[in-house]
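Visitor: here is my input, please return the structure:
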Amino acid sequence: MSSAKLLYKQINKLDPKQVSKKLKEFLKEDVPAGDATTKNIVLIDTKEVFAIQPRESMIFCGNPIIENIFSPKVKVKKMVKDGQKLLSGQTIALLSGSNSEILTKERLLLNMIQRMSGVSSLTGKYVEKLNNNKIKVLDTRKTTPGLRLFEKYAVFCGGGSNHRLNLSSGIMVKDNHINKITDEVADKLTRISPSVPIQFEVDSPKQINSQNVSLVDAFLLDNMTPNKIKKCIEKINLLKNKDKKIFIEVSGGVTLKNISKFNLKGVNGISVGALTHQSTNVDIGLDLHS
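Guide: Model prediction:
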């Protein structure tokens, strides 16, 4: 079976205006009425140089944060790229200029890049474990509210791929809704396609039939054993028009320990909610540059 293309637009960059707007919202939470400590301790706004450095190995993600969090009073010198593998102690960026602004925004800066680098680092582990560039490791909508764009961008930087961004991006017919596909619904879906991707979730080969094979752009094979997955792929290939590309996605209970079991011919993507909902922030520090 030839490789089917990804269904959704990839979050391979972030809009600086959107990033700046989000960071201003987040900063209001942390500094609602001024930074009481910095205001009363940093009496002279000295121009010291600070270094952002990882304290463990990681795949870094966070340059859009570093680029957009500061005013022109702070000069930023970036030293690494998003998606780059780093060792502990490497310099990510140097900050110079307004000492008080750097100290006030330090926590938000670190919280964001630690979170994003945690997601990209875990994604990289899944991609490395699967070790098959013909099968995409996909994220899900199991993201932190308010941080979805940042986390999906981090998945991309870690070598993964993005599933749908939101409920408006595509139609996902869950397995318990398949019996509600009347002729009227089928006609409606036919008219909608190809403007919006249509995907059916199934948990048994029995749920795959000529009608839904003709309607879909993708199948999600949910919580299946490798043998069941192979049977589904065989049935889809038997029923579909030979020129039609159908994206085959495997999902459900995928972990670092078992992802290799799903490295199967005919599978195009493996979705892993853990990329975002189980990733752990990595350790990144901001220290005076000696």
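Visitor: low pLDDT regions in the stretch 101-250 of the chain?
Guide: Scanning the stretch 101-250 of the chain for pLDDT under 70 picks out 175-180, 193.
Visitor: so which residues of it form helices?
Guide: 148-157, 183-192, 210-215, 226-239 (DSSP state H, counting those that start in this stretch).
Visitor: quickly list the domain ranges of this protein.
Guide: Domain assignment for the chain, taken from automatic domain parsing, gives 16-126+280-288, 129-277.
Visitor: those: which one's closest to residue 5?
Guide: Evaluated over those, closeness to residue 5 peaks at domain 129-277, with 7.0 Å, by Cβ to Cβ. For every residue, glycine as well, the C-beta is placed using N, CA and C.
Visitor: reformat the helices of the stretch 101-250 of the chain as a markdown table; add mean neighbour count and distance to residue 287.
Guide: Converted to a markdown table, the helices of the stretch 101-250 of the chain look like this (neighbours: other Cβ atoms under 10 Å; distance: least, Cβ to Cβ, whole Å):
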| stretch | mean neighbour count | distance to residue 287 |
| --- | --- | --- |
| helix 148-157 | 25 | 24 |
| helix 183-192 | 12 | 54 |
| helix 210-215 | 16 | 57 |
| helix 226-239 | 16 | 48 |
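Visitor: could those helices go into CSV alongside distance to residue 66?
Guide: Formatted as CSV, these follow (distance: least, Cβ to Cβ, whole Å):
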stretch, distance to residue 66
helix 148-157, 13
helix 183-192, 41
helix 210-215, 45
helix 226-239, 42
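Visitor: what's the closest of the ones you listed to residue 142?
Guide: helix 148-157 (9.5 Å).
Visitor: give me the pLDDT for residue 1.
Guide: Per-residue pLDDT puts residue 1 at 38.
Visitor: returning to that earlier point: of the domains of the chain, which is nearest residue 9?
Guide: Per Cβ to Cβ, nearest to residue 9 of the domains of the chain: domain 129-277, 7.5 Å.
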